[in-house]
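Colleague: no FASTA, just this:
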C-alpha cells in the first residue's frame, strides 16, 4: 500500500458548478440529484475547537491532528473516510506523562503533526512554547504510541520552535518546517532515528521585516516541480504563499505569491478569516483541497469562545501556477467522491458509561482530574471524585442549538458541595453550572457569573438535569425522571463566555460536560442532543436547498425549490435500553402543504427511513401546528435527516421532538408503582395509590417540582387523591416523613 504524506487520492464527479443564490447546481446532471442525496457539506466540518490542523492520507483513510494545549489526555488523532465526517480514534500522549513542561491553561501540547515515513507513523509536537520538540512513534494511528522522545538538533538548527510541521518530498525524504518566534523560518531534514540531520535551510528572510505578521504554521506541498511554502499571518487570520524550484535558503530563488485566500464576499458567512491551513493535496480529477481553521463571528454576533473550527476548502490554480483558496460560504459545497462512511458528524458523543474505558471524545483540563474518575466503582456509572476540590469531564462545545442531559446521584451534606452540568471557557474563569448541591440545605442551582437561580431540592439525591441552548441563551431544567422537566429560573445570556476571552480564551475553545465539587458524584447517563426534548431545527449541521427565515417563533427552515431540499440535525440521542423513541413530533406552518420525510444516518443510500408526515395547510406561514407520526422503536445517537417534498416553501419547520411509549428501565427516582392516571384532568374523583410500600398511611401531601404544596389530606387504602392535580410530575409525601414518591399524572381527553 502506498502512503502519501498529506496527499489525498480522491475520485470526484466531473462537473462544473454554477451558483443560483446559495444553491450549487451541477451542470448537465439530474437537477434533482443534490436535493435528494447527501452529496454536499457546509462548514465547519470540525465544529468546536480544532486549532492548527494537519492531515495524513493512508489508502482510503484520512487522519487529522493539531494543537490540543492543556486538553488531556493529549494529542487526539481523528479519522475520516470522506474528509467531512470525523471521529477520535486515539490519544497519543497520556495525561500522566512526567515530561510535560506545563499543563496550565494555554500550555500543554502545541502544534501536533501526524506523519508517515521510514515505514512508521510519527507524531511531532511542542512541549509548550520553550519546552522543546518531541516525537512519538507507532505502527498504527490507533497506537499504542511510544513514550515521547525529545528531538535532537544539529549545530546549525537553532531554537527548534513550537509551530512546526512535517513535509515528505517525492523521494520519501522527510523535513521539519521549523518555526520559533516571529522572525525565524527554517527547514531541516529528519534522519531515520526521528532526529534532525544535515544542515539547516535558513529562510529567516521570509519574515525578517514582519511582512507576514508572524509567518506561523508553515506547511509545504509540491506541484509541477515547484515547492510551495505557506505561512499563516497570526491567530486573527491571513494566509500567504511563496514558491521555489529548489529547497534552498537563497531568497532570490523564492517567488512571493501574496495572499492565499480569496476575499469573503458572502455577507452571511460567520467564518471570515480562515488560515493556518494543512498542506494542500490533489485529487484524482486534478482538483486541490485544504483544511483551515477559523474563529466564528459576524459583526456583533461573536462565537470566538468556541475556538478555531475546521473548514474544508477547494484550491484553484491560475495559469501562472498561483494557488488561491476558495473563501468560506454559506452555500453547500459538493463533497469529494469518497468511500461512504458510517462515521457520524463530529459532535459531542452521548455516553451511558457502560464501557470499561473512557470514550475518547472526553477530555479533562488538567492531569490531576484525569486521575479522579472511575468506571468500576459503581458499574454502569461514571464516578468523579474531586476530594475537597472540583473535578470535571468534558467534550468540546459545538453548535448554537442543543439540549444536553445527565442523571446524577449526589449526596450533598456541606456548604459548597455541588454536582451536575457544566460549560466553561479555557481557563475556567467563566462557567455556566446547573447543579445539585448544598447551601444551608439541599438546593438545585443554575448560575453564570453574577446570575444565580436556586430552589430547594425536593427530589432527593438523584436528579436529572438539562441545559437547553438557543444561540446565546441557555435554559436550565431539572427532573425526577428525565422526561418531565421544570424550568429553573430564567434563560441566561452567556455571550460573555461565547465571545473571545483574555489571551484568546487561553488559545482553546469552550468545553461542556459534567462537574462535581467537594464530594464524589455518580453519573449514569449523558446525552448531547436529547431527542426527547424540543429541539430547534435552526440548529441544522448540514443542508441543501434550504433557507433559514425568521418568524414569531424564531428562526425556522423551508425549502427553496420544488425539487425539495434537505437538512441534517447531528448527534440526536434517541434513547437507550428501556427508553426507545417510538414517535416523532414536528411543529410546522404552511399555506401550501407537502410531505416531510425523516431519515436516520443518511437518506436513500445507507439511511433508515423513520417516518413520512403529511404537513397540511395551517392557515398562514406563521400559524403553527403539531404533526406526529409513529417510527420504528429506535435508540442510540444518530444524525437525523429531514427532506422536503412539495412546491417551493411547501411548509416551514420549527422544532422536532421524539416520544417514547416504553419507559421501563428508566432508573429514575420513582419509588412507587405508576404512572398514576387521572381521567379527565382535573377531576374531583382523583385516583388510587398503590400503598404496598407505605405502612398504615394516614396523611398525604403532594408537592410540585418547586417544592410547593398543592394538595394534602388524610386517606385510607381506598381513598382517592390527586383530584386537583394537572398533568405533570409531583412528589407525594406520606405521614409527614422524608420519603417522597415521584408521581406522573397523565392527561387524557
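Modeller: Sure thing, it's come through. Note that this is a predicted model, so its numbers are computed, not measured. Numbering: from 1, shown residues only.

Colleague: and the strands in the stretch 51-200 of the chain?
Modeller: Taking DSSP state E, counting those that start in this stretch to define them, one finds strands in the stretch 51-200 of the chain at 54-58, 61-65, 74-80, 87-93, 110-117, 120-126, 133-138, 149-150, 165-168, 174-178, 186-190, 196-202.

Colleague: assign the closest residue to residue 213 other than its chain neighbours to helix, strand or coil.
Modeller: In this structure, residue 213 finds its nearest non-sequential neighbour in residue 233, 4.0 Å apart by CB to CB, 6 or more residues apart in numbering. Where C-beta positions appear, they are placed from N, C-alpha and C, glycine not excepted. Taken by DSSP: H, G, I helix; E, B strand; the rest coil, the conformation at residue 233 corresponds to strand.

Colleague: how many other residues sit next to residue 233?
Modeller: By the measure other CB atoms under 10 Å, the count of residues near residue 233 is 20.

Colleague: got it, and residue 96?
Modeller: Other residues near residue 96 number 11, with proximity taken as other CB under 10 Å.

Colleague: domain ranges for the protein, per the record?
Modeller: If you go by automatic domain parsing, the domain ranges for the chain are 3-334, 369-530, 535-659, 676-746.

Colleague: what's the closest of the ones you listed to residue 346?
Modeller: Set against residue 346 and scored by CB to CB, the domains of the chain come closest in domain 3-334, at 4.4 Å.

Colleague: how far out from the middle of the chain is that closest one?
Modeller: 20 Å (CA atoms, centre = their mean, to the nearest Å).

Colleague: now do it, average pLDDT.
Modeller: For domain 3-334, the mean pLDDT works out to 90.

Colleague: rewinding a little: pretty sure the residue nearest to residue 213 is touching residue 212, no?
Modeller: Yes - Residue 233 lies in contact with residue 212 (CB atoms under 8 Å); the separation is 5.9 Å.

Colleague: now do the shared contacts for those two.
Modeller: Listed as contacting both residue 233 and residue 212 by CB atoms under 8 Å, 6 or more residues apart in numbering are residue 240.

Colleague: would you map the helices across the protein?
Modeller: Residue ranges of the helices in the chain, as given by DSSP state H, are 33-36, 495-498, 503-506.

Colleague: could I get those helices as TSV with distance to residue 630?
Modeller: What follows is those, written out as TSV (distance: least, CB to CB, whole Å):
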stretch	distance to residue 630
helix 33-36	24
helix 495-498	38
helix 503-506	45
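
Colleague: so for residue 591, which of the ones you listed sits nearest?
Modeller: Nearest to residue 591 among the helices of the chain is helix 33-36; the distance by CB to CB comes to 21.3 Å.

Colleague: that closest one packs against which elements?
Modeller: strand 23-26 (3 or more CB pairs under 8 Å, 6 or more residues apart in numbering; DSSP states H and E).

Colleague: for residue 374, which non-adjacent residue is closest in space?
Modeller: Among residues not flanking residue 374 along the chain, residue 383 sits closest, at 4.4 Å (CB to CB, 6+ apart).

Colleague: what about the one you found, neighbour count?
Modeller: Quick note: residue 383 (other CB under 10 Å) scores 19 neighbours.

Colleague: now do the contacts for it.
Modeller: Listed by CB under 8 Å, 6+ apart, the contact set of residue 383 reads 373, 374, 375, 377, 520, 521, 522.

Colleague: what about the residue nearest to the first one when sequence neighbours are not counted, how many residues nearby?
Modeller: Meaning residue 373. Computed as CB to CB, 6+ apart, the closest residue to residue 373 that is not its neighbour in sequence is residue 384, at 5.5 Å. With neighbours defined by other CB under 10 Å, the count for residue 384 comes to 24.

Colleague: which residues does residue 384 bridge with?
Modeller: Per DSSP bridges, the residues bridged to residue 384 are residue 373, residue 521.

Colleague: over to residue 229?
Modeller: Note on residue 229: beta-bridge partners residue 220, residue 242, judged by DSSP bridges.

Colleague: thought it was touching residue 247?
Modeller: No - applying CB under 8 Å as the test, residue 229 and residue 247 come out as separate, 9.4 Å apart.

Colleague: of the two, which one has the most company?
Modeller: Per other CB under 10 Å, whichever of residue 229 and residue 247 has more neighbours is residue 229, with 25 against 18.

Colleague: list the contacts for the more buried one?
Modeller: By CB under 8 Å, 6+ apart, the contact list for residue 229 reads 203, 206, 218, 220, 241, 242, 243, 244, 254.

Colleague: could you report the pLDDT at the residue nearest to residue 373?
Modeller: You'll see residue 384 listed with a pLDDT of 97.

Colleague: next one: it from residue 356, what distance?
Modeller: Remark: distance between residue 384 and residue 356 (CB to CB, to the nearest Å) = 17 Å.

Colleague: perfect, that will be all.
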